[in-house]
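J.: The sequence isn't on hand, but the structure is:
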């Protein structure tokens with residue numbers, strides 16, 4: 001019986017089929033390691049500045065007390081007051097973000113080229129990175145000026161910048177750190193401790209955000225602005 005000759009194209013196809021899973025797995029593992037390190041750096045930078053954020057936001061409150069106390073006194077509680085309330089939140093968040101712009105920029109650079117075999121995972125990471133990129137470029141509103149402008153109109157006309165700002169800010173507002181569940185299959189043993197450390201620091205940041213709700217309320221009271 002003669003030896004059957006397998007055509008060269010068939011051999012190449014078989015070899016490629018065998019190598020693709022291994023190549024994809026290596027690519028997923030490499031992308032995950034790079035991502036988790038970049039994400040940790042972003043979270044750690046924010047975590048290291050918790051006390052500075054608290055102090056800075058107390059300074060923002062003092063600024064409102066000093067520059068525009070009671071600026072919205074007598075204002076109604078309706079859609080425009082809600083939009084200015086969102087501007088107060090945006091002012092607080094962006095004031096905190098401005099404390100460490102390099103960390104945000106480094107994160108965006110580090111993850112922009114990462115890809116996984118899962119297109120949904122890749123999209124979710126890039127969507128989060130796009131929000132971070134927007135957050136670090138949004139200008140901080142001129143809160144006292146904007147509330148004063150609204151008051152000067154008899155509380156009938158918002159400043160031109162308020163609605164566009166709210167729209168972009170609310171669509172882009174994210175906390176530091178993003179760990180999508182799609183990463184878990186690629187988190188080797190050496191990365192799990194990094195994930196646990198990241199999650200612990202994220203938890204501390206969430207607690208900070210919860211505490212700063214009180215500062216938001218004090219700023220609103222100082223302005224006499226109703227949400």
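T.: Structure's in. What do you need? From a predicted model like this one, the values you see are computed outputs, not experimental measurements.
J.: what's the spacing between residue 115 and residue 164?
T.: 33 Å (CB to CB, to the nearest Å). To be clear about C-beta, it is placed using only N, CA and C from the backbone, and glycine gets the same treatment.
J.: Comparing the two, which shows the higher neighbour count?
T.: Shown here are residue 115 and residue 164; by other CB atoms under 10 Å, residue 115 has more neighbours (14 against 9).
J.: May I have the residues that are in contact with the residue nearest to the more buried one when sequence neighbours are not counted?
T.: Spatially, and ignoring its direct neighbours in sequence, residue 115 is nearest to residue 122 (5.3 Å; CB to CB, 6 or more residues apart in numbering). With contacts defined as CB atoms under 8 Å, 6 or more residues apart in numbering, residue 122 is in contact with 114-116.
J.: helix or strand for residue 122, which one?
T.: With elements taken from DSSP states H and E, the one containing residue 122 is helix 119-135.
J.: Would you mark the buried spots in that helix?
T.: 121, 124-125, 128-129, 131-135 (16 or more other CB atoms under 10 Å).
J.: And stretch 142-150, by the same measure?
T.: Neighbour-count burial for stretch 142-150 [16+ other CB under 10 Å]: 143-144, 146-150.
J.: Show the average pLDDT along that stretch.
T.: Mean pLDDT, stretch 142-150: 98.
J.: now the protein, which segments are flagged as low pLDDT?
T.: Where the chain drops to pLDDT under 70, the residues are 1-22.
J.: quick one: the helices in it?
T.: Applying DSSP state H to the chain gives helices spanning 8-48, 50-67, 79-97, 101-111, 119-135, 143-152, 162-172, 189-223.
J.: Residue 76 is in contact with residue 151, correct?
T.: No - counting by CB atoms under 8 Å, residue 151 sits too far from residue 76 to count as a contact (11.5 Å).
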